[in-house]
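Novice: Below are the sequence and a predicted model; questions follow.
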Amino acid sequence: MLQRLIARLPDFRILLDPAQLRVLIRRSEFGLILIAAVVGILAGLAVAAMSFIAHAIQMLVYGIGRHERLSATPGLNPEIVIWAPAAGGVIMGLLFLILRRWRKKPMVDPIEANALHGGRLSLTDSIVVAVQNLISNGFGASVGLEAGYTQLSAGIASKLGFLLKLRRQDLRVLLGCGAAGAIAAAFNAPLTGAFYAFELIIGTYTIVSLAPVVVSALAATFVARLFVGDEFMIDIGEIGAVVPADYLPAVVLGMVCAGGGILLMQGVSQVEELARKSSISPIFRPALGGVVVGLLALVDHQVLSAGHGALHASLNQEMAVGAVIGLLLIKSLASAISIGAGFRGGLFFASLFLGALIGKLFAYSAPYLFAHATLTPVIYAVVGMSAMAVAVIGGPLTMTFLALEVTGDFPITALALAAVITSSVVVRTTFGYSFATWRFHLRGESIRSAHDIGWIRNLTVDKLMRADVKTAKAGLSLDEFRKEFPLGSSQRVIVIDESEKYIGMILTPDVYAAPTKDGEEKPELSSFIRYKNDVLLRSMNAKQAAAIFDKTEAEALAVVNNQIERKVVGQLSESHTLRRYTEELDRRRREISGEL
């Protein structure tokens, strides 16, 4: 009897065999959920460890107590406030010097990994980013740890998926599980973490991905609470009631926060642009940025680090209008300088802090603008947090669930949803980017979200083009051209100069349609040349090539090596491009449907 009972139990040795475990994950949804739970546990441990290390550095550098927050600790030594961020900048500069010799390619973040690389993210690079984030935050730079949390957790998830040789779609979901666990643990908010993964990392929501992502977020939250307790919880104190008249002020606040988010993102890029244009070496920029942050911290030490303590203090105390405006300005400046100068970190928590300040500032003017509004400054602060965060980070449902999990109040959540949607629409229509995608844009990447476009990148003009092209020298006469290229020999001939540089393209039927009798005036061959400035580059993908075909209304275009030398390397037709693009798109859809 006992032997029969044991035989019916699942064979847990499968968990120790990567090949068998891979089969389990591919054939059973429970297998992916199991791995997601492991990822969530590891993400919770990573968040707890990074939080402990960052606080330990702050205790060592600034001399704060174990239960004190750097941005809310009174009586900091002014000398330490000045030199500590600069010292962190020196360390960051040294790390940059080492990495410049060791690492040639730019590091990939989770959004880019899922968009372009099928969920592959280097764990080594992720550890380096986490270490840089710890140094930046620990020495007082005005950045949060959320970027390090998500990078390290996603890197762990990707490494685990790579070892198990998961399919591309499963690996992308598992990477999202890592990010979900990181954000859930960081804010004690599993729903926020889950929708952060859906909206910002995976890029889509499916029934299959729901269970693994939510399980990972819950596991990470449980582990983080086990080791860290309530330190990550945002306490907003007393909240009031919500009436219908409060929705219009919330919508207006959403617009204000959208403008503030755009200014913050542009401020970071402006600081980076000024740094690039200056003669200051990237090795010394973090140190100089640290000096500026230290000087700003002398004015108000709440600008130091992420600002957890400062956020709690601003939510639960009355502040003068001048004090709110001053803190808003210097915190924005400190965050922009910290990231622009080369410190590693994100703007997630900074956007929450700044949004809370904007909300409180808005609360002072609301009674004069909206006579029937009943919202308290705390509620405006919560709404401002969500609206500002969605302007900078993106993810409308993510920030709405953050408001829900922070307040536990559905009417306030509905109010936050109105502000979040407004802020998101305004940013998307006027600016078009979140902070991460804006930085991709500045690097020349065309990534707008985490949707999987890696296969499009792989379908390049270089792979689609024909290399056997007909070329003719520019000096040929009309008769010489007809002799060299008889009717029917080629539909198109590419014209090049003496140095083999592209000049244009001639359609052979056009040449033979010209006058041929001796008494008629024959046109110059140059009059038949088309598409003089319209070419394709071999590095372009099929989607970009299709857009150029649509713009030029050409049936085929020449492919050149680059826009400077313009040496012809091939030719590509619109029909072939669209056919191959459609085939690949259909194949991807079938793969996803099969996985679902």
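Specialist: Structure's in. What do you need?
Novice: any idea how far Ala387 is from Leu248?
Specialist: Remark: distance between Leu248 and Ala387 (Cβ to Cβ, to the nearest Å) = 14 Å. From N, CA and C alone the C-beta is placed, and that goes for glycine too.
Novice: Between these two, which has more neighbouring residues?
Specialist: Between Leu248 and Ala387, counted using other Cβ atoms under 10 Å, the more crowded position is Ala387 (36 against 14).
Novice: Show the contacting residues for that one.
Specialist: With contact taken as Cβ atoms under 8 Å, 6 or more residues apart in numbering, Ala387 is in contact with 253-254, 256-258, 355, 399, 416, 419-420, 422-423.
Novice: ok, so what distance separates it from Val378?
Specialist: 15 Å.
Novice: go on, Tyr531?
Specialist: Using Cβ to Cβ, Tyr531 is found at 63 Å from Val378.
Novice: What of Leu163?
Specialist: Counting by Cβ to Cβ - Leu163 and Val378 are separated by 47 Å.
Novice: Over to Leu329?
Specialist: For Leu329, the distance to Val378 under the criterion Cβ to Cβ works out to 22 Å.
Novice: Ok, Ala336 next?
Specialist: Using Cβ to Cβ, Ala336 is found at 27 Å from Val378.
Novice: Out of the contacts of Ala387, flag the one nearest to Leu121.
Specialist: Set against Leu121, the nearest of the contacts of Ala387 by Cβ to Cβ is Met399 (24.3 Å).
Novice: give me the number of residues near the closest one?
Specialist: 32.
Novice: Give me the neighbour count for Glu272.
Specialist: Here the number of neighbours of Glu272 (other Cβ under 10 Å) works out to 18.
Novice: Surely it and Gly340 touch.
Specialist: Yes - taking contacts as Cβ atoms under 8 Å, Glu272 lies within contact range of Gly340: 4.5 Å.
Novice: Show the contacting residues for the nearest residue to Leu404 once chain neighbours are set aside.
Specialist: Distances taken as Cβ to Cβ, 6 or more residues apart in numbering put Thr413 closest to Leu404, at 4.2 Å, once the chain neighbours are dropped. Counting by Cβ under 8 Å, 6+ apart, Thr413 touches 400, 403-404, 407.
Novice: top of those residues by neighbour count?
Specialist: Highest count within the contacts of Thr413 by other Cβ under 10 Å belongs to Ala403, 28 neighbours.
Novice: OK, contacts around that one?
Specialist: Counting by Cβ under 8 Å, 6+ apart, Ala403 touches 382-383, 385-386, 412-413, 416-417, 420.
Novice: Next secondary structure element downstream of the strand or helix carrying it?
Specialist: Per DSSP states H and E, Ala403 falls inside helix 396-407. Next along the chain after helix 396-407, taking DSSP H and E as the criterion, comes helix 410-430.
Novice: okay, the angle between that following helix and helix 396-407?
Specialist: 150 degrees (axes from the mean of the first three to the mean of the last three Cα atoms, to 10 degrees).
Novice: Quick check, Arg538 in contact with Val559.
Specialist: Yes - using Cβ under 8 Å, Arg538 makes contact with Val559 at a distance of 5.6 Å.
Novice: mind showing which ranges of the stretch 101-250 of the chain have poor pLDDT?
Specialist: Along the stretch 101-250 of the chain, the parts satisfying pLDDT under 70 run over 104, 231-233, 235-240.
Novice: 80 instead, please
Specialist: Of all residues in the stretch 101-250 of the chain, those with pLDDT under 80 make up the ranges 101-106, 114-118, 168, 203-204, 229-243.
Novice: now the strands for it?
Specialist: Applying DSSP state E, counting those that start in this stretch to the stretch 101-250 of the chain gives no strands.
Novice: Also the stretch 451-596 of the chain?
Specialist: With DSSP E, counting those that start in this stretch as the criterion, the stretch 451-596 of the chain has strands spanning 471-473, 492-496, 502-507, 529-530, 536-537, 556-560, 568-573.
Novice: Starting from the second one, tell me which strands it pairs with and how they run.
Specialist: Applying DSSP bridges to the sheet, strand 492-496 is found paired with strand 471-473 (parallel), strand 502-507 (antiparallel).
Novice: And the first one, what's buried?
Specialist: Translated: strand 471-473. Across strand 471-473, burial judged by 16 or more other Cβ atoms under 10 Å covers Ala472.
Novice: Show me the contact partners of that strand.
Specialist: 481, 484-485, 493-498, 506, 568.
Novice: Repeat the analysis, applying 7 Å as the threshold.
Specialist: With contact meaning Cβ atoms under 7 Å, 6 or more residues apart in numbering, strand 471-473 is reached by 481, 484, 493-496, 568.
Novice: Now neighbour count, pLDDT and distance to Ile80 too, for these, in TSV please.
Specialist: Formatted as TSV, the contacts of strand 471-473 follow (neighbours: other Cβ atoms under 10 Å; pLDDT from 0 to 100; distance: Cβ to Cβ, whole Å):
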residue	neighbour count	pLDDT	distance to Ile80
Phe481	19	84	80
Glu484	13	86	80
Val493	23	89	74
Ile494	25	88	68
Val495	24	88	70
Ile496	19	88	67
Val568	21	88	64
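Novice: which among the residues you listed gets closest to Ser351?
Specialist: Nearest member of the contacts of strand 471-473 to Ser351, counting by Cβ to Cβ, is Val568, at 49.2 Å.
Novice: Enumerate every residue touching the closest one.
Specialist: Taking Cβ under 7 Å, 6+ apart as the test, what Val568 contacts is 469, 471, 494, 496, 502, 558, 560.
Novice: how close does it get to Asn562?
Specialist: Using Cβ to Cβ, Val568 is found at 12 Å from Asn562.
Novice: Same question for Asp300.
Specialist: Distance, Asp300 to Asn562, by Cβ to Cβ: 51 Å.
Novice: neighbour-wise, which of these two wins?
Specialist: Using other Cβ under 10 Å, the more surrounded residue of Asp300 and Asn562 is Asp300, with 16 against 12.
Novice: So for that one, what pLDDT did the model give?
Specialist: Note for Asp300: predicted pLDDT of 90.
Novice: My guess is it contacts Leu329. True?
Specialist: No - using Cβ atoms under 7 Å, Asp300 is not in contact with Leu329, being 10.0 Å away.
Novice: returning to that earlier point: distance of the residue nearest to Leu404 from Gly181?
Specialist: In this view, Thr413 and Gly181 are 23 Å apart by Cβ to Cβ.
Novice: again with Lys159
Specialist: Lys159 sits 14 Å away from Gly181, going by Cβ to Cβ.
Novice: Look at the two and report which has more neighbours.
Specialist: Neighbours were tallied for Lys159 and for Gly181 using other Cβ under 10 Å; the higher tally belongs to Gly181 (41 against 18).
Novice: Would you map the helices across the stretch 51-200 of the chain?
Specialist: With helices called from DSSP state H, counting those that start in this stretch, the stretch 51-200 of the chain shows them at 78-102, 110-116, 123-138, 146-163, 168-187, 190-196.
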